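[1] here's my sequence, what's the structure:
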Amino acid sequence: MASDLTKMRNIGISAHIDSGKTTLTERILFYTDRIHAIHEVRGKDGVGATMDSMELERERGITIQSAATHVTWGDNTVNIIDTPGHVDFTIEVERSLRVLDGAILVLCGVAGVQSQSITVDRQMRRYNVPRLAFINKLDRTGANPAKVTDQLREKLKLNAVMFQIPIGLENDLKGVVDLIEMKAMVFEGDNGEKIQIGEIPAELKEEAEMRREVMLEELSNFSDELMELVLEDPSKVPVELIHEATRKGVLALELVPVFLGSAYKNKGVQPLLDAVSSYLPCPTDVENLAINPKNEEEKVPVTHKNEDPTLAYAFKLEDGPYGQLTYVRVYQGCLKKGETVYNARTGRKVKLGRLVRMHADKMEDIDEAPAGDIVALFGIDCASGDTFRGEDTDFVLSSMHVPEPVIHLAVTPTDRKATDNMSKALQRFSKEDPTFRVAFDDKTGQTIISGMGELHLDVYVERMKREFKAEVEVGAPRVAYRERITAETPFDFTHKKQTGGSGQYGRIIGILMPNDDGQFEYVNKVTGGNVPKEYIPSVEKGFRSCLEAGTLIGAPVDGMTVVLQDGAAHAVDSSDMAFQTTARGCFREYYPKGKPQVLEPVMNVVLEGPSEFQGDMVGTLLQRRGILVGTMDQDGFVRIESEVPLAEMFGYATALRSATQGKAEFTMEFQRYAPAPREVQEELIEAYKKELEEKSK
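    Numbering: from 1, shown residues only. Here you go, the predicted structure:
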């Protein structure tokens, strides 16, 4: 199957909640003949929109899982992915944007640029994703597309240019004027499928001329030929030249064409699809790099050729009724049914039993997937972020940076059935999401889940209950503290135990030292054989086993160097076990003498909001032991960077909302571990002592 990559588009549709993103996707599916009837998001027919799959997403108004579909428009094929926008689902957002080549930013014609629009735009910038803007809901009272275009320029600093003006607004919305062809497009028929193309209404001629002039002026920055023609006679500029300059500006991330309509009233969607084909990048317009795992400095661009060795990236896993569904983007080579590829992470061979093309939660079987395509594999065991490669290449696609989880939650199943279901759920979630971790606490007998923030863990607990019918009780959120000694401590420890028969004996002499890199280091400086060679690793094993819990607050020990200098052994009573026990005893006795301190996770917290609330925003940070790192004020919008201990950030979203009338937003990422203040340490030590006392009763 020879595929023409210039005819392929991989795009995402992103927007603030309730801007009509799902309604727009539903219309796209209808006009491209993927569905034969339109269902409303909150429709009376009880069917619901095609792309809405998770009850939880609808309730919370956030996208948690991406949905994917595939449509054909003209002679172009378009893969569409719905991208999540919340920072707690960083890994989902990063993956979705990573496999997309372009995007449509949907805005409400009344509300304009909202907080989530700002977040979505920031994420697109981070991954250099070219975009078009679609101003939706022009049938609503108060709709003003010119004002929203100005907001795109002022608030998002995008070079937004109107390519259309509306014919009528609010209840009178009939269609749009295309400023390239200078024609009126009126959408008629039950579902807006009949497009009447005619002359521009007399009352709109003047505005259309003025807007076209602005559009051509902006486009002349991307084409010298167009600039010359504009200066001579703007009416003689050929349509092909306008398309060419627009595409150039969009791909350079220096232009955002603005299209108008009302998805709900079936107006303006078809010209938007034309624009996706004309202006957004095809796979070969975007540079993607493959890495040599033996030398990470060596990077090569992927070729997007079917005949080259296969490279495909698994960016999303879904647990379907018939097993695991793995969404992959093929970057190079061709995936064929029945063929064998390798999982680069595990080195295992994988046979491609079934290849499918996704359409929300339905699927169509296919025999092969060419380079540049997005498809799904069935029944393959892999993790999110894995690279599948052909036999004749060692290169892999760069893996995502996975941040360490910073918040813990204890979950306890309520009965036997819930225990089984919970373990199935946790296994599933940790495979889908590398930022979600599971551990078992031997001391309390509790299962501890860890993640990126409160909402992150909240959603997974809710999914356990709904999807896996696992009723669980949840403890209070806990911060991932660490411990570290601060002073060098010489040790000389002897372990002697005499029972009937052979006993246990071991003596070790050396120094415990702080390790500022946060690593455990074991240095053997024994000479003269006082500690037999075979027991040197036993001492290391003993110390390592103590790192999981320090004696100060029972937190993991972050960074320690053990230097073993001397010791003694007994011909009969010394053994591997005896020296492991000696090391553990030594740690318990000498670790507290090393002046251990508690380390707490400090987060990089960035606030963004209107300048009028700057004082209130700073106040919320200072109340939480925050340290200001920098402030940037621009066009009535302020960005405040700070470092705040995670322990102080619980419930912060509510505090920030009430201090700024809901107009500010924040993002939070782990920065580093730092010593906790004395009063915090004392509280934690006191709580740990009480916990130990209760256990010993």
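[2] any idea what residue 411 is bridged to?
    Beta-bridge partners of residue 411, counted by DSSP bridges, are residue 447, residue 474.
[3] gap between it and residue 440?
    From residue 411 across to residue 440, the span is 11 Å (Cβ to Cβ, to the nearest Å). Using the backbone N, CA and C atoms, a C-beta is placed for each residue, glycine as well.
[4] which of these two has more neighbours?
    Taking neighbours as other Cβ atoms under 10 Å, residue 411 and residue 440 compare with residue 411 leading, 22 against 9.
[5] for the stretch 101-250 of the chain, give me the ranges with low pLDDT.
    Low-confidence segments of the stretch 101-250 of the chain (pLDDT under 70): 115-116, 119.
[6] what residues are shared contacts of residue 411 and residue 440?
    446-448 (Cβ atoms under 8 Å, 6 or more residues apart in numbering).
[7] OK, contacts around residue 392?
    Residue 392 is in contact with residue 309, counting by Cβ under 8 Å, 6+ apart.
[8] looking at this, it is in a helix?
    No. With DSSP: H, G, I helix; E, B strand; the rest coil as the criterion, residue 392 is assigned coil and is not in a helix.
[9] for it, give me the pLDDT.
    Looking at residue 392, its pLDDT is 81.
[10] swap in residue 499?
    Looking at residue 499, the pLDDT reads 69.
[11] one step back: of the shared contacts of residue 411 and residue 440, select the buried ones using a PyMOL command.
    Selection of buried members from the shared contacts of residue 411 and residue 440 for PyMOL, criterion 16 or more other Cβ atoms under 10 Å:
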select buried, resi 447+448
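[12] which one of the shared contacts of residue 411 and residue 440 is nearest to residue 625?
    Using Cβ to Cβ, the shortest approach to residue 625 within those belongs to residue 448, at 25.1 Å.
[13] so who does that closest one touch?
    408-411, 438-441.
[14] mind doing that once more with 7 Å?
    By Cβ atoms under 7 Å, 6 or more residues apart in numbering, the contact set of residue 448 is 408, 410, 439, 441.
[15] quick one: it and residue 384, what's the gap?
    21 Å.
[16] ditto for residue 614
    Counting by Cβ to Cβ, the gap from residue 614 to residue 384 is 39 Å.
[17] now do residue 459
    16 Å.
[18] of these two, which one has the most company?
    Taking other Cβ under 10 Å, residue 459 and residue 384 do not tie; residue 459 has more neighbours (22 against 19).
[19] tell me, how many residues neighbour residue 667?
    A count of nearby residues for residue 667, using other Cβ under 10 Å, gives 17.
[20] again, but for residue 213
    Residue 213 has 13 nearby residues by other Cβ under 10 Å.
[21] need the three-state assignment for the closest residue to residue 391 other than its chain neighbours.
    Nearest in space to residue 391, with sequence neighbours left out and distances taken as Cβ to Cβ, 6 or more residues apart in numbering, is residue 342 at 6.8 Å. Using three-state DSSP, the structure places residue 342 in strand.
[22] residue 342 bridge partners, please.
    Beta-bridge partners for residue 342, by DSSP bridges, are residue 349, residue 389.
[23] for residue 151, which residues are in contact?
    Residue 151 neighbours (Cβ under 7 Å, 6+ apart): 112-113.
[24] doesn't it fall inside a helix?
    Yes. Assessed with three-state DSSP, residue 151 lies in a helix.
[25] helices of the stretch 51-200 of the chain, start to end?
    Ranges of helices in the stretch 51-200 of the chain, per DSSP state H, counting those that start in this stretch, are 55-60, 90-99, 115-126, 145-154.
[26] wait, isn't residue 596 in contact with residue 485?
    Yes. Using Cβ atoms under 7 Å, residue 596 and residue 485 qualify as a contacting pair, with a distance of 4.9 Å.
[27] ok, the nearest residue to residue 290 once chain neighbours are set aside - how many residues close by?
    Excluding the flanking residues, the one nearest residue 290 by Cβ to Cβ, 6+ apart is residue 395, at 4.0 Å. Neighbourhood size, residue 395 [other Cβ under 10 Å]: 21.
[28] repeat that for residue 141.
    Residue neighbour count, defined by other Cβ under 10 Å, stands at 8 for residue 141.
[29] quick check: it touching residue 172?
    No. If you go by Cβ under 7 Å, residue 141 and residue 172 don't touch, sitting 11.4 Å apart.
[30] before we move on, back to that, same list (the shared contacts of residue 411 and residue 440) but as JSON lines, adding pLDDT and distance to residue 677.
    Below are the shared contacts of residue 411 and residue 440 laid out as JSON lines (pLDDT from 0 to 100; distance: Cβ to Cβ, whole Å):
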{"residue": "446", "pLDDT": "80", "distance to residue 677": "28"}
{"residue": "447", "pLDDT": "87", "distance to residue 677": "31"}
{"residue": "448", "pLDDT": "87", "distance to residue 677": "25"}
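[31] and which of the shared contacts of residue 411 and residue 440 is nearest to residue 650?
    Residue 650 lies nearest to residue 448 out of the shared contacts of residue 411 and residue 440, by Cβ to Cβ, at 16.8 Å.
[32] and stretch 371-391, how far apart are its ends?
    16 Å (Cα to Cα, to the nearest Å).
[33] just stretch 410-424 next, same as before
    Note: stretch 410-424 ends 17 Å apart using Cα to Cα.
[34] contact partners of it?
    Under the contact criterion Cβ under 7 Å, 6+ apart, stretch 410-424 has outside partners 446-449, 461, 464, 468-475.
[35] now do 8 Å
    So stretch 410-424 is contacted by 441, 444, 446-449, 461, 464, 468-475, 478 (Cβ under 8 Å, 6+ apart).
[36] now do the buried residues in it.
    410-411, 413, 418, 421-422.
[37] can you list those in CSV and add pLDDT?
    Converted to CSV, the buried residues of stretch 410-424 look like this (pLDDT from 0 to 100):
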residue, pLDDT
410, 86
411, 89
413, 87
418, 87
421, 90
422, 91
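[38] distance to residue 252 added to the residues you listed, as JSON lines?
    Formatted as JSON lines, these follow (distance: Cβ to Cβ, whole Å):
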{"residue": "410", "distance to residue 252": "51"}
{"residue": "411", "distance to residue 252": "49"}
{"residue": "413", "distance to residue 252": "54"}
{"residue": "418", "distance to residue 252": "55"}
{"residue": "421", "distance to residue 252": "51"}
{"residue": "422", "distance to residue 252": "50"}
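[39] closest to residue 689 among those residues?
    residue 410 (19.8 Å).
[40] list the buried residues in whichever strand or helix holds residue 633.
    Taking DSSP states H and E as the definition, one finds residue 633 inside strand 627-634. For strand 627-634, the neighbour count (16+ other Cβ under 10 Å) marks no residue as buried.
[41] same question, stretch 306-320
    306, 308-319.
[42] what's residue 392 sitting at in phi/psi?
    Dihedral angles of residue 392 (phi, psi; degrees, to the nearest 10) stand at phi -100, psi 30.
[43] quick one: it from residue 313, how far?
    Going from residue 392 to residue 313 by Cβ to Cβ gives 18 Å.
[44] check residue 262 too.
    Look at residue 262 and residue 313: by Cβ to Cβ, they are 36 Å apart.
[45] equivalent analysis for residue 677, please.
    Relative to residue 313, residue 677 is positioned 44 Å away (Cβ to Cβ).
[46] now residue 477
    According to Cβ to Cβ, residue 477 stands 33 Å off from residue 313.
[47] burial count for residue 563?
    When neighbours are counted by other Cβ under 10 Å, residue 563 registers 17.
[48] bridged to it, which residues?
    Residue 563 forms beta bridges with residue 511, residue 523, as assigned by DSSP bridges.
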